[in-house]
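> Only the shape, not the letters, is given here:
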């Protein structure tokens, strides 16, 4: 008995020592790499639909291509994450940042070298030639491929390093904070660069951030298994095995239904990068500070993350997801205020930002609140949905709702903007649109309705789930 007590005490002491052990170098270099990668992505993310519209891709293709980009980033990790685990994170990251750097170069190529001129306004018709569309399409694919590799490598490094020393919760809290700091930095640098030059400069910023990230990996980053002395032969997974796992996961009725009902949240979330930039550019301001306005998202998360976790962390996952989805639906209603308040859309704070833009910023901030309630708890809920012993497999597909919501958000967001919000709109002399108030409001109400419908369907799904037999 005394020997058992001593063994238990020694075990506890070892656990305490682990919890006080500093994070290894690969943890910090992975987070530094993530900061630069997020800086690169968000330097251009807020303006993709505006940039492509000004290049002459019309009313619908910019949003559709933006959706394809988001879909690739969130769907392909199912494949790229497995491949990266086989060849090593360091090699995978180096290849990823080469792809990203070239992708951002291709996005800027039409203006920098191809002779394309950015239009002041976005015209409905497609006027861009093949030399523009070809390089843009290649750029979208390369950025999507590169981004899909970075995501599992960095999060995998955080999991392996922080989990090994029993500090996973703190490790992922730091990781999540770094993501949002990188987002703020990218948008800020992007704002000053495009003001100094032109809108295409945001891709130069993204390229530079990607090169810095590449150099960080090349000179500072090491594979976590090698650094921690845990390198071992890995079980190779074939493409057939990956596809078999995907069929197994998607064949699970509970999980498939969850994918469908939860994708509505991400449909609304992605309007931050589809409808809101279009609305600001075509209705509010010819040169809208979309990057500054969308800073409200990461800023809200950085400021309120700990508060939300402290006061609402014990809420049941499904309830938290529903609350977040309701919040994101309500965020759309904010935009009704400038529609029905006489003259407010033409007001401005000095010459910097129109008052109407502040309501868009408030919308983005409320969407961030919805994300705080929904996104972290989704992983917990998927873990509970998975059959026993298959939690890890199912969590590998946790980004599928984001991929599905992103894929449909662009085309349908553009449809809601062009066919509902701008129905009967009058084009002003300065190129802006003066929407019909009733149709404008109807567009925002449709988006709100989609959010509410998603929350209600989640509630119905949970009630159905409770009636199912235990697994």
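Sure thing, it's come through. Because the structure is predicted, anything quoted here is derived from the model rather than measured. Residues are numbered from 1 along each chain as shown.
> Please compute how far stretch 281-301 lies from its chain's middle.
Here stretch 281-301 is found 16 Å from its chain centre; the criterion is Cα atoms, centre = their mean, to the nearest Å.
> Okay, buried residues for that stretch please.
By 16 or more other Cβ atoms under 10 Å, the buried positions in stretch 281-301 come out as 281-285, 288-301. (C-beta placed from N, C-alpha, C; glycine too.)
> Kindly report the same for stretch 299-309.
For stretch 299-309, a neighbour-count test (16+ other Cβ under 10 Å) marks 299-302, 305, 308 as buried.
> Give me the contacts around that stretch.
Contacts with stretch 299-309, where a contact means Cβ atoms under 8 Å, 6 or more residues apart in numbering, come from 173, 176-177, 180-181, 184, 364-365, 368-369, 371-373, 376.
> Then stretch 115-128?
Applying Cβ under 8 Å, 6+ apart, the external contacts of stretch 115-128 come out as 50-51, 53-59, 61-62, 110-111, 131-132, 198-200, 278, 281-282, 286, 418, 431-432.
> now do the same end-to-end measure for that stretch.
Distance across stretch 115-128, first residue to last, is 11 Å (Cα to Cα, to the nearest Å).
> And it, what's buried?
For stretch 115-128, the neighbour count (16+ other Cβ under 10 Å) marks 116, 122, 128 as buried.
> Which member of those is positioned nearest residue 262?
residue 122 (31.7 Å; Cβ to Cβ).
> Tell me if the closest one really is in a helix.
No. Read with DSSP: H, G, I helix; E, B strand; the rest coil, residue 122 is coil and lies in no helix.
> Can you say which of the contacts of stretch 115-128 are buried?
Among those, the ones that count as buried by 16+ other Cβ under 10 Å are 50-51, 53-59, 61-62, 110-111, 132, 199-200, 278, 281-282, 418, 432.
> Select from the contacts of stretch 299-309 the one having the most neighbours.
Tallying neighbours with other Cβ atoms under 10 Å puts residue 368 at the head of the contacts of stretch 299-309, with 27 neighbours.
> pLDDT below threshold where in the stretch 51-200 of the chain?
Along the stretch 51-200 of the chain, segments meeting pLDDT under 70 span 164-165.
> What ranges does it have for its helices?
Using DSSP state H, counting those that start in this stretch, the helices found in the stretch 51-200 of the chain span residues 61-75, 77-87, 89-112, 130-164, 168-196.
> Buried residues in the second one, which are they?
Just to be clear, that refers to helix 77-87. 77-82, 84-85.
> for the helices of the stretch 51-200 of the chain, which one sits closest to residue 252?
Across these, residue 252 has its closest neighbour in helix 77-87 (15.0 Å, Cβ to Cβ).
> Can you tell me how far residue 451 is from residue 363?
Distance of residue 451 to residue 363, given as Cβ to Cβ, to the nearest Å: 12 Å.
> Mind listing the shared neighbours of those two?
Counting by Cβ under 8 Å, 6+ apart, the shared contacts of residue 451 and residue 363 are 331-332.
> Which stretches in the stretch 351-471 of the chain count as helices?
Under the criterion DSSP H, counting those that start in this stretch, the stretch 351-471 of the chain contains helices at 355-385, 391-395, 400-415, 437-466.
> Out of those, indicate the one that is most buried.
Sort the helices of the stretch 351-471 of the chain by mean neighbour count, taking mean count of other Cβ atoms under 10 Å, and helix 400-415 sits at the top with a mean of 23.
> Quick check: which helices or strands does that one pack against?
Counting contacts by 3 or more Cβ pairs under 8 Å, 6 or more residues apart in numbering; DSSP states H and E, helix 400-415 packs against helix 61-75, helix 253-269, helix 275-279.
> Show me how far the second one is from its chain's centre.
Same thing as helix 253-269. For helix 253-269, the distance to the chain centre is 16 Å (Cα atoms, centre = their mean).
> just checking, residue 455 touches residue 325?
Yes. Counting by Cβ atoms under 8 Å, residue 325 is a contact partner of residue 455 at 4.0 Å.
> got the phi/psi numbers for the residue lying closest to residue 148 once chain neighbours are set aside?
Leaving out its chain neighbours, the residue that sits closest to residue 148 by Cβ to Cβ, 6 or more residues apart in numbering is residue 76, at 3.4 Å. Per-residue torsions, residue 76: phi -70, psi -20 (degrees, to the nearest 10).
> my guess is residue 76 meets residue 141, correct?
No. Here residue 76 lies out of contact with residue 141, judged by Cβ under 8 Å, at a distance of 10.5 Å.
> if you count what's nearby, which of those two comes out ahead?
Ranked by neighbour count (other Cβ under 10 Å), residue 76 and residue 141 place residue 76 first, with 21 against 16.
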